[in-house]
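Asks: Give me the fold of what follows.
(2 chains)
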2 protein chains.
Amino acid sequence: MKQLDFFYFFGSGYAYLSVMRIDAMAKQSRVAVRWRPFNVRTVMAENNIALRTQAAKVRYMWRDIERRAATHGLPYVRAPIWPTDPELLANRVGMVAAEEGWCEGYTVASFKTWYLEGMELGSRAHLEHVLAPLGQDVDDVIAKADSPRAHERLKAETDAARSYGIFGSPAFVVYGETFWGDDRLEEALAWAAGRHELQTHDGED
Amino acid sequence: MKQLDFFYFFGSGYAYLSVMRIDAMAKQSRVAVRWRPFNVRTVMAENNIALRTQAAKVRYMWRDIERRAATHGLPYVRAPIWPTDPELLANRVGMVAAEEGWCEGYTVASFKTWYLEGMELGSRAHLEHVLAPLGQDVDDVIAKADSPRAHERLKAETDAARSYGIFGSPAFVVYGETFWGDDRLEEALAWAAGRHELQTHDGED
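Replies: Numbering: from 1, shown residues only, chains lettered A, B, ... in the order given. Okay, the predicted model is just below:
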């Protein structure tokens, strides 16, 4: 089966749109998705991208996400708490979830909790809200997320993202080709489905 | 007639895609376009956006533009000379052209020359190549572009862009609503055509 690597960060605004859309779209395109959280802060810092200091861009971002949630028929209440997950705990729980095979369910539940319930990612409230319905023990998962193994996996996944030229979240990698931003999800899936060549044509996008 | 303000910079990579697409698309949507070059460097500096220092992002940008030119059936040879127009001369000629009513023709010819002929924007070669076919005298136009009037207009247009929350090029403003990036051109035109409300629905993008 064709495969797409979905790189994202718990705390990335635009990732919400992809998290909510990717499963149904990938099934329709018969593409398997690997959910790969990584530490976008590291690669942004390395590229001198400091979103927090870009006031006009940040204002635009939340308005743009609101418009595009409406376009896609996705629930939206208001801009979420941001920045969030200061200790990267939500992201390190993602490492545990990826290793144990429940990353997709954890991710979807977490982004809904962040955007729609107004909770801070990585807070006790967030983790209690999403882990119990997944059959996970909160204290047990936090202990694993605080272990060296989870820290090392986050570093390794971030190294992998960097090696693909990724500098932001969300990003999609297909056949070594990188696509950045939720607005490139359709293009990445088309690339995965086989139209992965550059050729001019007369069709529409 | 409905109106869209098209803000762009001579030297902005993604603006090429919009410059080549906007006329036909706007006619189809029955939307009038105002071509408004502005100094994107000023607003990027104000927002701490220094694209030149973001190596991975810049590499991605040219590959992304190449892919999207192919998707849209637009001519593409290679990534153009960048950065370009160091003295903003191409942009100041844009001020003269906008005031005298030949900005669209000058813009399309300039971006083609930059991308497809490999010329530097603002060079003597570029200006001679595009101004003569437009019936303009090169020395006369450069004298006007060097005058205080052109400098002041560029500053005023940049102030206007800033007032709309613009931080990059290209951008589109419709009914006071700002859209950033060539990939938002369809959305901006739809907004202009009257679907300018936020409401969830089940349709596709």
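
Asks: What segments of chain A are strands?
Replies: A:2-8, A:31-37, A:171-174, A:177-180 (DSSP state E).

Asks: Would you mind finding the most buried of those strands?
Replies: Mean neighbour count, computed with mean count of other Cβ atoms under 10 Å in any protein chain shown, is highest for strand A:171-174 among the strands of chain A, reaching a mean of 25. Every residue, glycine included, has its C-beta placed from N, CA and C.

Asks: and that one, anywhere near chain B?
Replies: No. No part of strand A:171-174 sits close enough to chain B to count as contact by Cβ under 8 Å from any Cβ of the partner chain; the gap is at least 9.1 Å.

Asks: pLDDT weak spots in chain A?
Replies: Low-confidence regions of chain A, defined here as pLDDT under 70, cover residues A:195-205.

Asks: one more time with 50, if that's ok
Replies: A:200-205 (pLDDT under 50).

Asks: buried stuff in stretch A:64-76?
Replies: Under the neighbour-count criterion of 16 or more other Cβ atoms under 10 Å in any protein chain shown, stretch A:64-76 has A:64-65, A:67-69, A:71-72, A:74, A:76 buried.

Asks: An error on my part: the question was meant for stretch A:84-104.
Replies: For stretch A:84-104, burial by neighbour count (16+ other Cβ under 10 Å) applies to A:84-85, A:88-98, A:102-104.

Asks: circling back: can you redo the strands of chain A as TSV with distance to B:Ile49?
Replies: Converted to TSV, the strands of chain A look like this (distance: least, Cβ to Cβ, whole Å):
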stretch	distance to B:Ile49
strand A:2-8	22
strand A:31-37	26
strand A:171-174	19
strand A:177-180	16
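
Asks: wait, which of those is closest to A:Leu189?
Replies: Smallest distance to A:Leu189 across those (Cβ to Cβ): 5.8 Å, for strand A:31-37.

Asks: can you pull out the helices in chain A?
Replies: Taking DSSP state H as the test, the helices found in chain A are A:15-28, A:40-46, A:55-71, A:89-100, A:103-116, A:124-131, A:138-145, A:148-163, A:185-192.

Asks: how about these in JSON lines, adding distance to B:Trp180?
Replies: Below are the helices of chain A laid out as JSON lines (distance: least, Cβ to Cβ, whole Å):
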{"stretch": "helix A:15-28", "distance to B:Trp180": "16"}
{"stretch": "helix A:40-46", "distance to B:Trp180": "18"}
{"stretch": "helix A:55-71", "distance to B:Trp180": "6"}
{"stretch": "helix A:89-100", "distance to B:Trp180": "27"}
{"stretch": "helix A:103-116", "distance to B:Trp180": "22"}
{"stretch": "helix A:124-131", "distance to B:Trp180": "31"}
{"stretch": "helix A:138-145", "distance to B:Trp180": "36"}
{"stretch": "helix A:148-163", "distance to B:Trp180": "24"}
{"stretch": "helix A:185-192", "distance to B:Trp180": "18"}
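
Asks: Relative to B:Ala188, which of these is closest?
Replies: When these are compared for distance to B:Ala188 using Cβ to Cβ, the nearest one is helix A:55-71, at 10.5 Å.

Asks: Show residues contacting that closest one.
Replies: In this structure, residues lying in contact with helix A:55-71 by Cβ atoms under 8 Å, 6 or more residues apart in numbering or on different chains are A:13-14, A:16-17, A:51-52, A:75-76, A:79, A:182-183, B:43, B:46-47, B:49, B:162, B:165-168, B:178-180, B:184, B:187, B:198-201, B:205.
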